[in-house]
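1. Quick check, what structure comes out for this input:
(one chain, ligands or ions: 1)
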Amino acid sequence: MIKSRCIVSIDDVSDSEMNEIFDLTDRMNESLESGKSITTMKGKILATLFYEPSTRTRLSFESAMQRLGGSTLGFSDVKSSSVSKGETLADTVRMAESYSDIIVIRHPLEGSARLASRFTAKPVINAGDGSGQHPTQTLLDLYTMKKEFGKIDGLKIALIGDLKYGRTVHSLLLALSRFKVQVTLVSPPSLRIPQHIISKVKDIIKIEETDVISHVLPEADVFYATRIQKERFTDQNEYQSLIGSYSIDSELVSQMKETAIIMHPLPRVDEINPSVDALPQARYFKQAYYGVPLRMALITLLLGGEN
Ligand code: NCD
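-> From the prediction side, this is the model:
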């Protein structure tokens, strides 16, 4: 159903497509756990054009394609590509099109992935466009919540940290508005989620905004922490004044419900103390693991490997 499409915004994925992706993610997960090898993408190539740093997103896309029997090429540092010689995004994408079957792009400018998708007929996946969106992260975030609680409807979710520049929370909030959830946005006043996102969701789901984390502690089912996006600040003094705004440690966790989970797209800086890693609420590493089966499912559906 989703074959040959671009995934630039989370709105590019319909509800039924999301269910299709999650069902196939379950099957990919089973294959990974049982060690069964899959070769459906044999002969297919995935290109990764990464103009910004990445660990999980790029490696999990590469791992996903290789676990499907396909192969990968690309760059993870513009200095080693012709971008450093002044090549335009359009030309780089045209080249990637002729060398591969599907293109994953991360770029510092908002709107860059949509622009890239205009220069190729091949599927383009947005792996983060500046402070715009990060739709595949959102898919794995929702998948994690669904696996943990059986369903997303009914959850109370706190999104915490840099909600202004954090692209993961932009896509996530838009997606959460499709479910019957209550969301509390916890951020310093200067890092509130942009109005254009709030205005899309505020009449659909119940949303509260606050700068104090304490009152959500005993209530929320999901604590989704995010990093202050250092690279988006023009004034590094402002960044310095905001780091450490919310730091989840064992003392805060002791005020959460036993059944609550803590998520984070990673990398973390000081948002979650390492002492939390061993606590039953910590789910961020499992969440990152789901990136592989989920991206295996997505690549398979986009390239029509199921048919
Ligand atoms: C996020 C990103 O790049 O937006 N990382 C990721 O893809 N898992 C979050 C971040 O960098 O803070």
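2. what are the ranges of the helices in this structure?
-> 15-34, 56-67, 89-99, 112-117, 135-149, 167-176, 195-201, 236-242, 250-253, 284-302 (DSSP state H).
3. winner for burial among these?
-> Highest mean neighbour count among the helices of the chain (mean count of other Cβ atoms under 10 Å): helix 167-176, with a mean of 25. In this view, the C-beta of every residue, glycine as well, is placed from N, C-alpha and C.
4. Can you tell me the closest non-neighbouring residue to residue 280?
-> Using Cβ to Cβ, 6 or more residues apart in numbering and skipping the chain neighbours, the partner closest in space to residue 280 is residue 258 (7.3 Å).
5. Please work out how many residues are found near the one you found.
-> Residue 258 is flanked by 7 other residues according to other Cβ atoms under 10 Å.
6. next one: residue 162
-> Residue 162 has 29 nearby residues by other Cβ under 10 Å.
7. I'd like the helices of the chain as CSV, with mean pLDDT and distance to residue 106 appended.
-> Shown next, in CSV, are the helices of the chain (pLDDT from 0 to 100; distance: least, Cβ to Cβ, whole Å):
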stretch, mean pLDDT, distance to residue 106
helix 15-34, 97, 20
helix 56-67, 98, 7
helix 89-99, 97, 12
helix 112-117, 97, 8
helix 135-149, 98, 11
helix 167-176, 98, 10
helix 195-201, 97, 20
helix 236-242, 95, 21
helix 250-253, 97, 31
helix 284-302, 98, 14
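8. Turn those helices into TSV, including distance to residue 185.
-> As requested, the helices of the chain are exported to TSV (distance: least, Cβ to Cβ, whole Å):
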stretch	distance to residue 185
helix 15-34	23
helix 56-67	24
helix 89-99	32
helix 112-117	25
helix 135-149	15
helix 167-176	8
helix 195-201	8
helix 236-242	16
helix 250-253	18
helix 284-302	19
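9. ok, now which ones touch residue 53?
-> residue 76 (Cβ atoms under 8 Å, 6 or more residues apart in numbering).
10. Please report how far it lies from the ligand.
-> 8 Å (Cβ to the nearest ligand atom, to the nearest Å).
11. what's that residue sitting at in phi/psi?
-> Phi and psi for residue 53, reported as degrees, to the nearest 10, are phi -60, psi 150.
12. Can we start the residue count at 51 from this point?
-> Happy to do that; since the first residue is 51 now, the last one works out to residue 103.
13. do you know how far the residue sitting furthest away from the middle of the chain is from the ligand?
-> Note on the chain: the largest C-alpha distance from the chain mean falls to residue 135, namely 30.2 Å (Cα atoms, centre = their mean). Distance, residue 135 to the ligand, by Cβ to the nearest ligand atom: 26 Å.
14. Run a quick neighbour tally on residue 215.
-> 20.
15. Looks like the residue nearest to residue 330 contacts residue 329 (just checking).
-> No - if you go by Cβ atoms under 8 Å, residue 308 and residue 329 don't touch, sitting 10.2 Å apart.
16. Which pLDDT value goes with residue 51?
-> You'll see residue 51 listed with a pLDDT of 60.
17. let me fix that: residue 205
-> pLDDT at residue 205 comes out at 98.
18. wait, residue 236 sits on residue 258?
-> No - Residue 236 is beyond contact range of residue 258, at 9.1 Å (criterion: Cβ under 8 Å).
19. from the stretch 101-250 of the chain, which residue is nearest to the ligand?
-> Using Cβ to the nearest ligand atom, the single residue of the stretch 101-250 of the chain nearest to the ligand is residue 107, 4.2 Å away.
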